[in-house]
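Enquirer: Please work out how this folds:
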Amino acid sequence: MQTLKQKHRPFCFSVKGQVKMLRLALTVTSMAFFIIAQAPEPYIVITGFEVAVIFFFIILYMLRLDRLIDCLFWPLLDIINSMVTAIFMIIISVLALIPETTTFIVLGGVFGLLAAVCCIADGALIYQKLLFNPSGPYQKKPIHDKI
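Expert: Below is the predicted model of the structure:
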């Protein structure tokens, strides 16, 4: 008796994909506001770096490279990235909101805080998937189990 193979849902339509793309959009918006307001360089550099890393993970999951490059444990790297990004975005956003600054810097800070919330949600989603499905798609199957 052969079990039916579960149909693969594209990454873009999964909850994890939607949260990552929302995170990317909020971080890009925050960076754009910082650039328009000519904010201090660390604000722009950190948000720009985070945009590049988020884009890397989206491409990685869309092309399913996480399954081809199995020498790294991608979910753990993704969780660590989400938490580090959340910490950086909270620090940058609070620093942008504390002094009396322009409206665009304040908007960049607000969008940065929203991006930090999305980072925490993203990390929680990945952690939940690992917690409730530890033998999920990341565990290799023995050769004799292949049909």
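Enquirer: Going by C-alpha atoms from here, please, whenever you check contacts or count neighbours.
Expert: OK.
Enquirer: hey, which helix is longest across the protein?
Expert: Longest helix of the chain, by residue count under DSSP state H: helix 103-132.
Enquirer: Only the buried residues of that helix, if you could.
Expert: Buried residues in helix 103-132, counted by 16 or more other C-alpha atoms under 10 Å: 104-116, 118-123, 125-127, 130.
Enquirer: again, but for stretch 56-63
Expert: Buried, per 16+ other C-alpha under 10 Å, within stretch 56-63: 57-58, 60-61.
Enquirer: so T47 touches S30, yeah?
Expert: Yes - in this structure T47 lies within contact range of S30 using C-alpha atoms under 8 Å: 7.3 Å.
Enquirer: Which of those two has more residues huddled nearby?
Expert: S30 (29 against 24; other C-alpha atoms under 10 Å).
Enquirer: Would you state the helices of this protein in chain order?
Expert: So, for the chain - with DSSP H - the helices run 15-36, 41-62, 65-68, 74-97, 103-132.
Enquirer: Output the ones you listed as CSV; include the columns distance to R9 and mean pLDDT.
Expert: As requested, these are exported to CSV (distance: least, C-alpha to C-alpha, whole Å; pLDDT from 0 to 100):
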stretch, distance to R9, mean pLDDT
helix 15-36, 10, 93
helix 41-62, 11, 92
helix 65-68, 15, 81
helix 74-97, 18, 91
helix 103-132, 15, 91
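Enquirer: picking up where we left off before, and of the buried residues of stretch 56-63, the nearest to Q18?
Expert: Distances from Q18 to those, taken as C-alpha to C-alpha, are shortest for I58 (10.1 Å).
Enquirer: any idea how far the closest one is from D78?
Expert: For I58, the distance to D78 equals 11 Å [C-alpha to C-alpha, to the nearest Å].
Enquirer: Likewise for V19?
Expert: For V19, the distance to D78 - C-alpha to C-alpha - is 13 Å.
Enquirer: ditto for C12
Expert: 16 Å.
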